[in-house]
Structure formats: C-alpha cells, structure tokens
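Chemist: Sequence plus the predicted model coming up.
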Amino acid sequence: MILEESARRAARRLEEAGSPTPRLDAEALLLHVIGCNRTWLYTWGDSTWGAWGESTQGSATGARWHRARFDALVAARAQGWPVAYLTDEREFWGLSLATSPGTLIPRPDTETLVEAALEHAAAPAGRLLDMGTGTGAVALAFASECPGWQVVGVDIRTEAVALARRNAAALGLGNARFIHSDWFEALEREAEPAFALIVANPPYIADNDPHLARGDVRFEPRSALVAGEAGYADLRFLVDRARDFLAPGGWLALEHGHTQAADVRAMLGRAGYARVASVRDLGGHERVSLGQHSAA
C-alpha cells in the first residue's frame, strides 16, 4: 500500500470515529511515524511503505514495523486520544513544543494571551511572569519575540516544569527559565519580585461543565482545567495576589472561558486595576481580560 492511501484510509476511519479534523489527524500521525514533513508527503506520497523503508530504513522489515506503529496510533486517535499526546508535540506560535499527558495541550485560542502581552511590552527589556506555564508555550512564545526580556514560568507540577525547561533548551531560548512553585509561593524568595507583565491561563472550568466529557479535554490533567467556585476560584486568586508581584504600572492578563469576560473585568475593577479591557480570540469570543496595576 502507498503512503497516501494509508493516510486516506486512516482519515476515513477517524471521520467515522468523530474526529473534527480527520485528514489533518491522519497526516500528522503518518508524518510522525515516517519522520518527514508535509511537503515530502505531498511530493512522495505515492511511495509504497516497502519502498519508503528501503530508502530510509534500509529494510522492508523496518517499514512493516512503522506501518504497524501508524495503525496503532490511528486506533488510539479513534478512541479519542489527542494527536498532541500521540506524537508528543504541538505547534504553538510557530514553535514546535514537546507535549505530555501531564500538561495541557497548547491551543490556538491561547495565542490571544501572547498577543495581549506583546501589545503591552513596549519597552526593550522587562520581566514577564507566566503562571501555570505547562509546556511553557506562552512564556516561550513571548521570549522568542522579546529577547531583551527575562521570562519566568512557574508550575506546581514538577513534570510540567521539566517539560518547559526541555522546550526552552530545544528552542535555544536562554531568556526563559522555569521554576516549581505553588502559584507565587517560590517567588516570595526572589531578589527581584516585581514584574512588568504577569500572564496566566489558569484552570477556569466548573467541575460540572459538560465539555469535560468531550474531545481532547477528557485526557488532559483535570487539575489544569477545573477550578472551584464555578470555575472562578483561581481567576479571583490571581487578580488579588498578582498586585503584590506587579511593578507599578504593570499589567495582568488572564485567559478565561468565553462567557467569563464580564465577571473577570468586574473582578479587576473591584481590585483597583485600571484600563480594564477584554480581547477577542480568532473565533470572536472574549478570551483574555487584562488590567493595569495602579502606580499608587
């Protein structure tokens, strides 16, 4: 069987299983297995598994093993496993990031948080704090755009910190560092506690939200998704506590659910933040709310 036909058959199986992007999923899994990019597949997709194995692995036996591996990954995806966990990687802000089931999968909506941070990073140098960094996606995207800034990412999960450090090293981003901390706890010992920007994509889903039983989130760590107080507990905590770590005039930017913007703006206003606003994502939803810490 040729590679292109394998991809087509896999896409049909995934479509029947309910994948919203069956063709993209099938190609991503195939490219992961054969170690090639999409351009190669479009150019040489008429190669058979055997011919591919002889040319790249030096063995038709090796090709059979890789085809079996592809079939196994397609079966796992048909059961609902996220592609990012099956391939151990996800692109975010044009960066290739390693992923793991111990962290949230970086999503396009979260690029809105990066955009909001960049809009308020006019100075050539400064310090940004990314709370609950996970894979390090937001911190590393910002660090790649602002090499003069020092970026700190924190996470309570040791596996997330290790993964973010690995991503930073792979991308060669020396202006980003990652530390283990329960929110701000470890930062209380920092010599320079003030940040010009604090950003976070915290847990903001209510425990009884039906979306938790659908799609990729079924496989993601619940602790990174669900917050108390109907999804608002961590957002409220960050709004209140961030003031102690923001420099005068600094900005707090928070990602939240698409129905939570008005409530988060109200929180920011009550806490004394100025210039409170929300930013819409590509789908038109208010995805990020932010405010400026008073200089008083």
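Modeler: Happy to help now that I have it.
Chemist: Quick one: the strands in the stretch 51-200 of the chain, in order.
Modeler: 89-92, 95-98, 126-131, 149-155, 176-180, 195-200 (DSSP state E, counting those that start in this stretch).
Chemist: Mind checking the pLDDT average for stretch 241-250?
Modeler: Stretch 241-250 shows a mean pLDDT of 95.
Chemist: Does residue 220 touch residue 105 like I think?
Modeler: Yes. Residue 220 lies in contact with residue 105 (Cβ atoms under 8 Å); the separation is 6.5 Å. (Glycine included, C-beta is placed from N, CA and C.)
Chemist: joint contacts of the two?
Modeler: Residues touching both residue 220 and residue 105 (Cβ atoms under 8 Å, 6 or more residues apart in numbering) are residue 82.
Chemist: Can you report how many residues lie near the nearest residue to residue 99 once chain neighbours are set aside?
Modeler: Take residue 99 and drop its neighbours on the chain: the residue closest to it by Cβ to Cβ, 6 or more residues apart in numbering is residue 84, 4.6 Å away. Burial of residue 84 is recorded as 26 neighbouring residues (other Cβ atoms under 10 Å).
Chemist: ok, now residue 186?
Modeler: Residues near residue 186, counting by other Cβ under 10 Å: 14.
Chemist: Looking at strand pairing, list the partners for the residue nearest to it when sequence neighbours are not counted.
Modeler: Distance criterion Cβ to Cβ, 6+ apart; nearest residue to residue 186, sequence neighbours excluded, is residue 179 at 5.6 Å. Beta-bridge partners recorded for residue 179 (DSSP bridges): residue 154.
Chemist: quick one: contacts for the spatially closest residue to residue 141 that is not a sequence neighbour?
Modeler: Using Cβ to Cβ, 6+ apart and skipping the chain neighbours, the partner closest in space to residue 141 is residue 93 (3.6 Å). Counting by Cβ under 8 Å, 6+ apart, residue 93 makes contact with 111, 114, 137, 140-141, 144.
Chemist: State which helix of the protein is the longest.
Modeler: Longest helix in the chain, counting residues (DSSP state H): helix 60-78.
Chemist: rewinding a little: how much space is there between the residue nearest to residue 141 and residue 252?
Modeler: For residue 93, the distance to residue 252 (Cβ to Cβ, to the nearest Å) stands at 21 Å.
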